[in-house]
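Trainee: I would like to see how this sequence folds:
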Amino acid sequence: NPHTLAVRWGGFSNYELVYNGHVILLDAYYDRGSFFPPLGAKAADFKKADVVLIGHGHVDHMSDAASVGARTGAVVVGAPVTTEKLATQNIDMKQVRTVTGRGGEVLQFKGFKVEPILGRHGEPPHDVVEAFENALKSTTPPLTAQASADDADG
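Mentor: Residues are numbered from 1 along each chain as shown. Down below sits the predicted model:
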């Protein structure tokens, strides 16, 4: 049913929203190397997107934004630091929109609008982080030699 919102989680903060034939991607971090288990989808698997909304400019939110945007023709939206990085990558800058999220920015697309809002990327308290780290360690196999090398390379 095209009038049903379909939401698919793609790992980390990646989400694919599909409604009425339109595809919105929230972040684009799919090809994660050997450090993390595979997601079951790679950046190259995304063939259709109308817009890619990047939460912030960290690698775990945008590393595949340029390739997905270039392949699909999607508009890629991000804050200045994000779009400055995209300017160094293989994407037509006519597809890139810089926003501040401070209000009044409404992006009109065929069939929908997006109004970016400013969010804050914060550091959670140590006891919260520690609980997540412990849960991750208890459910994740030890790193392979290649993953350890990838992690050391940054």
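Trainee: From here on, just use CA atoms for contacts and neighbour counts.
Mentor: Fine.
Trainee: Sketch out the strands for the protein, chain order is fine.
Mentor: 6-9, 15-19, 22-26, 51-53, 75-78, 96-98, 107-109, 112-114 (DSSP state E).
Trainee: Parallel or antiparallel, which strands does the fourth one pair with?
Mentor: In the sheet containing strand 51-53, the strands it pairs with under DSSP bridges are strand 22-26 (parallel), strand 75-78 (parallel).
Trainee: For stretch 2-9, give the mean pLDDT please.
Mentor: Averaged across stretch 2-9, pLDDT comes to 92.
Trainee: list the buried ones in it?
Mentor: For stretch 2-9, the neighbour count (16 or more other C-alpha atoms under 10 Å) marks no residue as buried.
Trainee: number of nearby residues for Gly57?
Mentor: 19 (other C-alpha atoms under 10 Å).
Trainee: if I pick it, what's in contact with it?
Mentor: Counting by C-alpha atoms under 8 Å, 6 or more residues apart in numbering, Gly57 makes contact with 78-79, 81-82, 85.
Trainee: Using PyMOL, define a selection of the buried residues within these.
Mentor: In PyMOL syntax, the buried subset of these is picked out as below (16+ other C-alpha under 10 Å):
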select buried, resi 78+79+82
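Trainee: In helices, which of the contacts of Gly57 fall?
Mentor: With DSSP state H as the criterion, helices contain 81-82, 85 from among these.
Trainee: Out of the strands of the chain, which is closest to Gln146?
Mentor: strand 6-9 (26.5 Å; C-alpha to C-alpha).
Trainee: Could you list the low-confidence segments of this structure?
Mentor: 150-154 (pLDDT under 70).
Trainee: For stretch 29-44, list every residue counted as buried.
Mentor: 29-32, 34, 43.
Trainee: Nearest to Pro125 among the residues you listed?
Mentor: Closest to Pro125, out of all of those and judged by C-alpha to C-alpha, is Tyr29, at 25.0 Å.
Trainee: Redo the contacts of Gly57 as a markdown table? Include distance to Ser148.
Mentor: Formatted as a markdown table, the contacts of Gly57 follow (distance: C-alpha to C-alpha, whole Å):
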| residue | distance to Ser148 |
| --- | --- |
| Gly78 | 31 |
| Ala79 | 32 |
| Val81 | 29 |
| Thr82 | 27 |
| Lys85 | 26 |
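Trainee: And the contacts of Gly57, which is closest to Val114?
Mentor: Gly78 (12.1 Å).
Trainee: Can you give me every residue that contacts the closest one?
Mentor: Per C-alpha under 8 Å, 6+ apart, neighbours of Gly78: 53-57, 96-99.
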